[in-house]
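Asker: what shape does this take:
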Amino acid sequence: MSTMIVVNLPVQSAAALAVVMLATLCGTAAGQAFAGREKLRAHSNEFRQEVIRVTDGVYVAVGYSASNVILIQGDSGSIIVDTGSNPQEAREARAAFGNLLGGPVRAIIYTHGHPDHTGGATVFAGNDNPDIYSHQLLVEGAPDIVRGRRDGGDQFGMRLPDALYINAGIQLQYGRVTPPTREGYVPPTRTFSGDQLSLTLAGVRLQLLHTPGETRENIAVWLPDKRVLMPGDDFYRAFPNLSPIRGTRLRPPEVWIASLDKMRDLGAESLVPGHMRPVMGADSARTALAEIAHKRSVGEGPLLFGDAGTPGLPSTVGAPEAIGADLEKRH
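Answerer: Reported below is the predicted structural model:
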């Protein structure tokens with residue numbers, strides 16, 4: 001049995017590893033590269049615009065913005081989980097919900113502080129004056145590790161010519177149609193510290209669970225009566241974004257894995273992520289969380305990142321022996 005080794009790296013070391021990984025990926029044959037492009041094109045199907053019914057009273061608008069917008073219907077109004085990237089895209093998502101979004105919006109929940117999840121709040125808040133929930137770490141965190149510094153590199157292909165652009169991996173596009181803006185963001189009005197907050201909003205019983213991973217303030221929204229889990233950005237169908245090239249800090253994999261284990265133990269029957277389409281069925285949800293945890297684990301030897309079948313990526317990518325030895329010596 002292999003031993004799991006988890007390594008925390010500073011940004012400089014993570015960047016060096018990213019270069020090695022990129023060189024490995026770019027070294028494939030021309031035929032493989034073409035196949036990879038075709039898989040990426042097929043992956044765009046994940047972002048086709050649709051309002052999907054998850055279960056009674058829970059709907060998700062996919063493809064209208066860089067992130068999903070989730071609607072929970074309550075007895076006396078609605079709850080919105082994440083709000084899209086900007087007011088324009090939030091208006092499109094709100095229009096897509098149509099009559100499903102009935103009554104006032106009683107609460108908005110930010111799963112984390114990234115702009116693609118928090119940039120459309122003004123549209124859903126309107127004149128309803130809803131409470132806006134988040135973890136306290138979202139409020140306390142510096143911008144470069146919470147709302148995400150976006151000037152560290154063109155991670156999302158915003159400047160690519162249309163002929164070369166396919167999608168941005170976990171979203172169809174970010175910033176190509178509407179430039180990034182902070183205009184739609186509304187600061188949280190209610191926060192919590194610690195591991196969880198249990199509450200009832202608009203007659204709906206829910207729990208906000210602190211599940212650090214992609215961000216340290218990430219929360220999962222759990223509806224125990226409906227067995228629906230909304231994990232924010234701790235789960236998506238893509239290789240883990242452990243060291244974003246735009247310049248944000250390394251995301252410790254062992255913390256992320258612990259949060260995935262915590263969520264898997266809930267026994268969700270539906271999984272509604274912050275990006276791409278929902279996962280339906282208890283077995284599928286549990287398998288999906290287990291596989292994404294495996295992707296974030298470190299396998300045998302220094303810095304070997306396991307993969308559970310991500311299209312177009314090798315099963316493992318490792319640093320050369322000299323780099324691995326140096327990193328192990330320093331960490």
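Asker: any idea of the pLDDT on residue 84?
Answerer: pLDDT recorded at residue 84 is 93.
Asker: hmm, it is touching residue 95, no?
Answerer: No: contact criterion C-beta atoms under 8 Å: residue 84 and residue 95 do not qualify, at 11.9 Å. (C-beta placed from N, C-alpha, C; glycine too.)
Asker: more neighbours, those two?
Answerer: Taking other C-beta atoms under 10 Å, residue 84 and residue 95 do not tie; residue 84 has more neighbours (30 against 12).
Asker: from residue 106, how far out is the more buried one?
Answerer: Distance, residue 84 to residue 106, using C-beta to C-beta, to the nearest Å: 19 Å.
Asker: what's the answer for residue 132, then?
Answerer: Taking C-beta to C-beta, one finds residue 132 at 11 Å from residue 106.
Asker: who touches both of those two?
Answerer: Common neighbours of residue 132 and residue 106 are not found (criterion: C-beta atoms under 8 Å, 6 or more residues apart in numbering).
Asker: what's the neighbour count on residue 39?
Answerer: When neighbours are defined as other C-beta under 10 Å, residue 39 has 14 of them.
Asker: so which helix or strand takes in it?
Answerer: Element membership of residue 39 [criterion: DSSP states H and E] is helix 30-43.
Asker: can you name the next helix or strand after that helix?
Answerer: Assigned by DSSP H and E, the successor of helix 30-43 is strand 50-55.
Asker: then that next one to CSV, C-alphas only?
Answerer: The C-alpha trace of strand 50-55 is given here as CSV (Å, rounded to 0.1, in the frame of the first residue of the first chain):
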residue,chain,number,x,y,z
GLU,A,50,-30.4,25.6,-18.4
VAL,A,51,-32.4,25.9,-15.2
ILE,A,52,-32.2,22.4,-13.7
ARG,A,53,-34.6,21.1,-11.1
VAL,A,54,-32.5,19.3,-8.4
THR,A,55,-35.4,18.3,-6.2
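Asker: can you map out the strands along the stretch 51-200 of the chain?
Answerer: Secondary structure of the stretch 51-200 of the chain, counting by DSSP state E, counting those that start in this stretch: strands at 58-62, 69-73, 78-81, 105-109, 131-135, 190-192, 196-201.
Asker: from memory residue 158 sits against residue 177, does it?
Answerer: No: checked against C-beta under 8 Å, the pair residue 158 and residue 177 is beyond contact range at 9.7 Å.
Asker: so for these two, which sits in the more crowded spot?
Answerer: residue 158 (16 against 13).
Asker: who's in contact with residue 184?
Answerer: 83-84, 86-87, 90, 118-123.
Asker: do the same with residue 82
Answerer: 67-70, 109-111, 117-118, 232, 274.
Asker: let's have those residues in TSV, adding pLDDT, neighbour count and distance to residue 287.
Answerer: Converted to TSV, these look like this (pLDDT from 0 to 100; neighbours: other C-beta atoms under 10 Å; distance: C-beta to C-beta, whole Å):
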residue	pLDDT	neighbour count	distance to residue 287
67	91	32	23
68	94	27	20
69	97	29	26
70	98	27	22
109	98	26	26
110	98	27	28
111	97	31	22
117	93	31	25
118	95	29	30
232	92	29	19
274	90	28	19
